[in-house]
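Chemist: I'd like to go over a predicted model; first the sequence, then the structure.
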Amino acid sequence: EGVWLGTRYWFDAHDNPVNQAFVKAYMERYKTPPSYNAEGAYAAVYAFKAAMEKAGSTDPDKVAAALSGLTIRAPNGEITFRKGDNQAVVGPTWGRAAAMSAEHGIRMLKPMRAFKGEEVTPSVEETGCKL
């Protein structure tokens, strides 16, 4: 309790329909809130699905090209694969570990703040990474 932490995803930090449906289905199936790993896997599947649809192909080179500039709606909000370096621009959540939640069986984050990816991700120019 009292420790500050950051994570790529926190199940109750995002009030959007995709997250609500994801958390509900996950909790029904596993009886525990989804982790950032679970959300990341979920988002990755939908990103590849969207890229294959955009490419009209499953060819790896065409799918990779289709990811550039692609935006998907994920449980933690919109994720854009930035043109120039294909970095997935994802916002982290920061919070302070609070008391155990009887409802969820884990410590909650209070206070908590979800940042937009654009607020914390260095630009292509700053990173020097170009694809």
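Modeler: That came through fine.
Chemist: CA atoms for contacts and neighbours, from now on please.
Modeler: OK.
Chemist: residue closest to the middle of the chain?
Modeler: Ranked by distance to the mean C-alpha position of the chain (Cα atoms, centre = their mean), the top residue is Asn76 at 4.6 Å.
Chemist: quick one, what contacts that one?
Modeler: Contact analysis of Asn76 by Cα atoms under 8 Å, 6 or more residues apart in numbering lists Tyr9, Trp10, Ala13, His14, Asn19, Glu39, Gly91.
Chemist: which non-adjacent residue is nearest the first one?
Modeler: The spatial neighbour of Tyr9 that comes closest, neighbours along the chain excluded (Cα to Cα, 6 or more residues apart in numbering), is Tyr36 at 4.8 Å.
Chemist: in which helix or strand would I find the closest residue to Leu131 other than its chain neighbours?
Modeler: Of all residues not flanking Leu131 in the chain, Asp85 sits nearest, at 5.0 Å (Cα to Cα, 6+ apart). Under the criterion DSSP states H and E, no helix or strand holds Asp85.
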